[in-house]
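J.: quick one: sequence plus predicted model below, questions after.
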Amino acid sequence: MSVDQTSAAIADKAAEKSAGETLEPQGARGDEPSAAAPAPRHFEEVLLAVDNVSLGFGGVKALTDVSFDIRKGEIRAIIGPNGAGKTSMLNCINGFYHPTEGRITFRGETRRKMRPYEAAAGGIARTFQNVALFKGMSTLDNIMAGRSLKMKANLFWQILRFGPAMREEVAHRRVVEDIIDFLQIQAIRKTPVGKLPYGLQKRVELGRALAMEPDLLLLDEPMAGMNLEEKEDMSRFILDVNNHFGTTIALIEHDMGVVMDLSDRVVVLEYGRKIADGTPDEVKRDQKVIDAYLGVPH
């Protein structure tokens, strides 16, 4: 998607928001669920396939023979207890770790020993469990950093900020301003992110990932540390990113209400092994998942 197309898509969505036409996850703001639940969405094209992936650190196995796929256009959740290997799996997908066994295929191409910058250039963006922002830089500058791989002017012109580099920066800044409008963070666009509350920092980090125009967006516990209102807002933005931009999302999250509301399919890990895979309804009824993670009321 070009700079102008991306800018137009985000601007259109921001206009819908201002007109009150936003989508919210079912029950996100205390509304009663509708009488007829929406039919499950179906996806066919596999965007990313994980085949028999294992990951070890010395004698410690973080992942053992894990296989699943992520289909284009879906929201795919990865859940499990602490230490189950969820973040290790995301680290393998975007090149922070290299699997000791198995393979990962993205858009039909098997990636071996891929580096994080290669994953980013290839269309995989990432947010982190612990916010990874440039704390002394403004919201605007942090999100602009997500456009760096899109900039083609050479270093000489960038230093001078003249000619093609200036024209390019203006075009990319327009996209970033539209992302700021979309995420409703206009009031903090010039604020150093280190001074922002945690929930807003998470939103800025999402904005930086969106600035990369990813085909696959990896979200590592995007609701961690948030209060209820912040979770509702983040859920709404995740749905909007998926529904209106068509971005495929892989999501790690411990809030089961969020997972069940947002996800099309869920894969469950325990001690680095896959123990379940299916729709949210299938997973929450699986006895192995109940025993290992969800538990039962007493």
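T.: Perfect, thanks for sending it.
J.: apart from its neighbours in sequence, what residue is nearest residue 206?
T.: With C-beta to C-beta, 6 or more residues apart in numbering as the criterion, residue 206 has its nearest non-adjacent residue at 6.0 Å, and that residue is residue 127. (Each C-beta comes from the backbone N, C-alpha and C, glycine too.)
J.: over to residue 146?
T.: Using C-beta to C-beta, 6+ apart and skipping residues adjacent in sequence, the residue nearest residue 146 is residue 211, 3.1 Å away.
J.: contacting residues for the residue nearest to residue 206?
T.: Contacts for residue 127 were tallied using C-beta atoms under 8 Å, 6 or more residues apart in numbering; they are 202, 205, 206, 209, 217, 218, 219, 220, 222.
J.: equivalent analysis for residue 204, please.
T.: Counting by C-beta under 8 Å, 6+ apart, residue 204 touches 133, 139, 142, 143, 183, 185, 188, 193, 196.
J.: same deal with residue 207?
T.: 139, 142, 143, 146, 176, 179, 180, 183, 185.
J.: got the contact list for the last one?
T.: Remark: with contacts taken as C-beta under 8 Å, 6+ apart, residue 185 is in contact with 139, 200, 203, 204, 207.
J.: before we move on, back to that, need the contacts of residue 127 in a markdown table with pLDDT and neighbour count, can you?
T.: Putting the contacts of residue 127 into a markdown table (pLDDT from 0 to 100; neighbours: other C-beta atoms under 10 Å) gives the following:
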| residue | pLDDT | neighbour count |
| --- | --- | --- |
| 202 | 92 | 26 |
| 205 | 94 | 22 |
| 206 | 94 | 23 |
| 209 | 94 | 25 |
| 217 | 97 | 25 |
| 218 | 97 | 27 |
| 219 | 95 | 27 |
| 220 | 94 | 20 |
| 222 | 92 | 26 |
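J.: and which of those residues is nearest residue 273?
T.: Using C-beta to C-beta, residue 220 is the member of the contacts of residue 127 that lies nearest residue 273, at 19.8 Å.
J.: what's the nearest residue to that closest one if we skip its chain neighbours?
T.: Distances taken as C-beta to C-beta, 6+ apart place residue 129 nearest to residue 220, at 4.5 Å, with adjacent residues excluded.
J.: can you count the residues close to residue 170?
T.: The tally of other residues near residue 170 (other C-beta atoms under 10 Å) stands at 9.
J.: next up, phi/psi of residue 53, please.
T.: The phi/psi pair for residue 53 (degrees, to the nearest 10) reads phi -80, psi 130.
J.: pull the number of nearby residues for it.
T.: 26.
J.: how about residue 106?
T.: Neighbours of residue 106 under the rule other C-beta under 10 Å: 22.
J.: sorry, back to before: read off the pLDDT value for the residue nearest to residue 220.
T.: Residue 129 is assigned 82 on the pLDDT scale.
J.: so it touches residue 86, yeah?
T.: No: counting by C-beta atoms under 8 Å, residue 129 sits too far from residue 86 to count as a contact (9.4 Å).
J.: which residues are common contacts for these two?
T.: 220, 252.
J.: neighbour count winner among the two?
T.: Ranked by neighbour count (other C-beta under 10 Å), residue 129 and residue 86 place residue 86 first, with 25 against 15.
J.: which of the helices and strands in this structure ranks last by mean pLDDT?
T.: Within the chain, confidence by mean pLDDT, DSSP states H and E is lowest for helix 3-18 among all helices and strands, at a mean of 51.
J.: how about residues contacting the helix or strand containing residue 250?
T.: Element membership of residue 250 [criterion: DSSP states H and E] is strand 248-252. Strand 248-252 has contacts (C-beta under 8 Å, 6+ apart) with 47-48, 70-79, 86-87, 90, 93, 129, 215-222, 238, 241-242, 259, 262-263.
J.: send me it as CSV with only the CA atoms.
T.: Backbone C-alpha positions of strand 248-252 (Å, rounded to 0.1, in the frame of the first residue of the first chain) are rendered in CSV as follows:
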residue,chain,number,x,y,z
THR,A,248,-3.6,-9.7,10.4
ILE,A,249,-3.0,-9.8,14.1
ALA,A,250,-1.3,-12.3,16.4
LEU,A,251,-2.1,-11.5,20.0
ILE,A,252,-0.7,-12.7,23.4
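J.: ok, which stretches of this protein are strands?
T.: All strands of the chain, identified by DSSP state E, fall at 46-57, 60-71, 75-79, 101-106, 109-111, 124-126, 216-220, 248-252, 265-270, 273-278.
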